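*Asks:* how would this look folded up:
(chains A and B)
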Protein chains: 2
Amino acid sequence: MKLPAQIIDCDVHHALKSHMDLVPYLKEPWKSRVIKFGIQGGGGTYTSPIGVQRKDAYAADGRDAAAYPELVMEHLVDAYHMDYAILTGSTYAMSIHPDADYATAIVAAYNDYLIDQWLPNHPKLKGSMTVATQDPLQAAREIDRIGPHPDIVQVILISATHIPYGNRYYHPIYEAAERHGLPVAIHPGAEGSGISNPPTAAGYVSNYFQWHTCLSQNFMAQLVSIVLEGVFEKFPRLKFVLVEGGVAWLPHLMWRMDKNFKALRATTPWLKKMPSQYIRDHCYLTTQPIEEPDNPKHLQQIFEMMDAENILLFSSDFPHWDFDDPFMIMRGLSAEAKHKIFYENARQLYQLK
Amino acid sequence: MKLPAQIIDCDVHHALKSHMDLVPYLKEPWKSRVIKFGIQGGGGTYTSPIGVQRKDAYAADGRDAAAYPELVMEHLVDAYHMDYAILTGSTYAMSIHPDADYATAIVAAYNDYLIDQWLPNHPKLKGSMTVATQDPLQAAREIDRIGPHPDIVQVILISATHIPYGNRYYHPIYEAAERHGLPVAIHPGAEGSGISNPPTAAGYVSNYFQWHTCLSQNFMAQLVSIVLEGVFEKFPRLKFVLVEGGVAWLPHLMWRMDKNFKALRATTPWLKKMPSQYIRDHCYLTTQPIEEPDNPKHLQQIFEMMDAENILLFSSDFPHWDFDDPFMIMRGLSAEAKHKIFYENARQLYQLK
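*Replies:* Modelled structure (predicted):
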């Protein structure tokens, strides 16, 4: 073919050699952010402008301390004389991927890798398996496959959803978890991404700061859904763990549920107790990131309102930026309450030692 | 045309004479619900199975006591010796309609009706105008048109959105409200309907009980968005009122915002104070539906944490089912705190008398 005499091509994608090409044209604070993290694409993703990893969570040779069992032992478990550490990983967020088969393959590989590389040589490390909730029946089969392993102590799910966790869509997962005596945990991290909903009921907030501040709200919605749909009547031995969702919102939510229950209980004829009682009987919240009021007395009052010593589990969120140092938090609690929160509640829940 | 010998029509919509046609085929509790409310269609709507109106909010002749100024005076304002009552109406929910021009027409008619039929003869009744947020510039013009009326004391918006209220999309509305010295209020009622998002970040909950329990979360998200986007730096005289969103969640949210601010303040260089301070300086929460812990001491502690006497405004939510009786709530507060919450805070905010 002979080329025409004159040509205009109206769509040519010229490329950046790297994100550094744009850096001379950016002002602060955007310049530093692009240097550090590249250009973070749209799609509702929220990325921390200060990164998520603590600056000291690296070995002397530069290795990520969270990526090697022996470094987790050294930097965290041995450093703080911990008896056990529950590994939560990060692949639970595969459940917001649109492709159920791809997500199922990745989480199965992760579960095998966890059992192969992390659990055998360090008896203080216990594992949270994960599943792809896009296919609940397949997820239940994965729990049947992995759940019997003696060092697997829980099933962890992303807290970001497009269908709330009380919905019967997920019940096969709970049935399998209950069958294997495994608590189900939810953990934030993908709110507003993939097939999950916007990260708040009001819509897409603008940045990581707002997104992170709003994460607790998703936990509240999940808890309302799970309790009021009657999940704990249907699966009476199931335990639920709310990881990294904050804690000080719990009293208000229990009060609001119980007040509404008095007027609207006909809606939920399957509930046999006050909604807050299901939370007390079946749910645990991990401590990090703990709220920090100016007046520490206020946190102690909140702890009393929620019966903290029977519902909280200590967590560090190692190696993330908002890590809570176990020696700094929980001041003002009795020795017995501390023992339960730091050790005994988790020991019983996860059936350790 | 001659009809063919044989015919099958594959789409014939036969009709119910009324929803009562289905009643003999329904079991309880669905039977009573359909008898009372008809068949409530899909589309994410949540309707109270016990109705929203109090059973006693009707005149002897059957008229809706909320629909006639003289009956509101008799049933509420005079009955409780109120000095003023802020009318909030119900058309603010037009902002979740997909058609901006239709919504704009309805709210303008409502504003005119309010000024024509409600405000002239009852000086104790003050009006909240509303606008259609689908067209923020047109909404600002409506505030310019209605706002100067001496008995219009606030602009009320629905709390359900698809874009959070801190977003600059809405700033023309705030600019106009500030120009006329009008507080902006948000009120729940349409979460999950129309063009608003699902009613929780986790997705569509199943029923009114769950939906109502989760409404506070939307208020939290709106407050995070408004404060952290810097709305109160841009509009320093603007006041914000959170109506009917609950109150006991406020301490946890302030703490979480302030803690995150310490790590992530570079994200919001426009903020000149702690986030919680903007709430204290610019925001009010109405009391109804007040949380009711089993131990009344707990609510008093929450009140102390949030400096309740300077941030709460009394509200009854007349004539709705979860009406709070002014003589029953707020026990345990000092006389001065009660005076501020029941009267003085609103008097100053709305520039009354």
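*Asks:* And the longest helix anywhere in chain A, what does it pack against?
*Replies:* Determined from DSSP state H, the single longest helix within chain A is helix A:208-228. If you count contacts as 3 or more CB pairs under 8 Å, 6 or more residues apart in numbering or on different chains; DSSP states H and E, helix A:208-228 packs onto strand A:240-242, helix A:250-264, helix A:275-282, helix B:208-228, helix B:250-264. (C-beta placed from N, C-alpha, C; glycine too.)
*Asks:* let's see it at 10 Å
*Replies:* strand A:184-187, helix A:231-234, strand A:240-242, helix A:250-264, helix A:275-282, strand A:283-286, helix B:208-228, helix B:250-264 (3 or more CB pairs under 10 Å, 6 or more residues apart in numbering or on different chains; DSSP states H and E).
*Asks:* On the C-terminal side of the lowest-mean-pLDDT helix or strand in chain A, identify the next helix or strand.
*Replies:* Within chain A, no helix or strand scores below helix A:30-37, which has a mean of 84 by mean pLDDT, DSSP states H and E. Next in sequence after helix A:30-37, counting helices and strands by DSSP states H and E, comes helix A:69-72.
*Asks:* elements contacting that following helix?
*Replies:* Helix A:69-72 packs on strand A:85-87, going by 3+ CB pairs under 10 Å, 6+ apart.
*Asks:* quick one: average pLDDT of the strand it packs on?
*Replies:* Here strand A:85-87 scores 96 as its mean pLDDT.
*Asks:* Over to stretch A:106-116?
*Replies:* 93.
*Asks:* Centre of the chain to that stretch, how far?
*Replies:* 18 Å (CA atoms, centre = their mean, to the nearest Å).
*Asks:* Repeat that for stretch A:245-255.
*Replies:* Worked out by CA atoms, centre = their mean, stretch A:245-255 lies 17 Å from the chain centre.
*Asks:* What score does the residue positioned nearest the centre of chain A have for pLDDT?
*Replies:* Nearest to the geometric centre of chain A sits residue A:187, at 1.2 Å (CA atoms, centre = their mean). As predicted, residue A:187 sits at a pLDDT of 96.
*Asks:* Pipe the helices and strands packed on helix A:208-228 into CSV and attach distance to residue A:96 per row.
*Replies:* Below are the helices and strands packed on helix A:208-228 laid out as CSV (distance: least, CB to CB, whole Å):
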stretch, distance to residue A:96
strand A:184-187, 12
helix A:231-234, 21
strand A:240-242, 18
helix A:250-264, 24
helix A:275-282, 25
strand A:283-286, 21
helix B:208-228, 19
helix B:250-264, 23
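*Asks:* And these: which comes nearest residue A:215?
*Replies:* helix B:250-264 (8.9 Å; CB to CB).
*Asks:* Can you give me the buried ones in that closest one?
*Replies:* For helix B:250-264, a neighbour-count test (16 or more other CB atoms under 10 Å in any protein chain shown) marks B:250-261, B:263-264 as buried.
*Asks:* how about low-confidence regions in chain A?
*Replies:* A:41-44, A:321-323, A:325-329 (pLDDT under 70).
*Asks:* The residue of the stretch 51-200 of chain A found nearest chain B: neighbour count?
*Replies:* Residue of the stretch 51-200 of chain A nearest chain B, by CB to the nearest CB: residue A:200 (3.5 Å). The number of residues packed near residue A:200 is 29, by other CB atoms under 10 Å in any protein chain shown.
*Asks:* Pretty sure it sits against residue A:212.
*Replies:* No - at 11.5 Å, residue A:200 does not count as touching residue A:212 under the criterion of CB atoms under 10 Å.
*Asks:* Quickly list what's touching both of those two.
*Replies:* A:191, B:224 (CB atoms under 10 Å, 6 or more residues apart in numbering or on different chains).
*Asks:* now the end-to-end length of stretch A:284-297.
*Replies:* End-to-end distance of stretch A:284-297 (CA to CA, to the nearest Å): 22 Å.
*Asks:* If we go by neighbour counts, what in that stretch is buried?
*Replies:* A:284, A:285, A:286, A:287, A:288, A:289, A:290, A:291, A:292, A:293.
*Asks:* So for stretch A:236-251, first residue to last residue, what's the gap.
*Replies:* Termini of stretch A:236-251 sit 23 Å apart (CA to CA).
*Asks:* List the buried residues for it?
*Replies:* Going by 16+ other CB under 10 Å, stretch A:236-251 has these buried residues: A:238-251.
*Asks:* same question, stretch A:164-181
*Replies:* Result for stretch A:164-181 [16+ other CB under 10 Å]: buried residues A:164, A:165, A:166, A:167, A:170, A:171, A:172, A:173, A:174, A:176, A:177, A:178.
*Asks:* overlap between the residues you listed and the residues near chain B?
*Replies:* A:164, A:165, A:166, A:167 (CB under 10 Å from any CB of the partner chain).
*Asks:* how about the third one, what does it touch?
*Replies:* Taking CB under 10 Å, 6+ apart as the definition of contact, the neighbours of residue A:166 are A:174, A:221-232, B:202, B:205-206, B:210.
*Asks:* Out of the buried residues of stretch A:284-297, which comes closest to residue A:128?
*Replies:* Of these, the one sitting nearest to residue A:128 (CB to CB) turns out to be residue A:286, at 11.9 Å.
*Asks:* now residue A:261, nearest residue through space, not along the chain?
*Replies:* residue A:275 (5.3 Å; CB to CB, 6 or more residues apart in numbering or on different chains).
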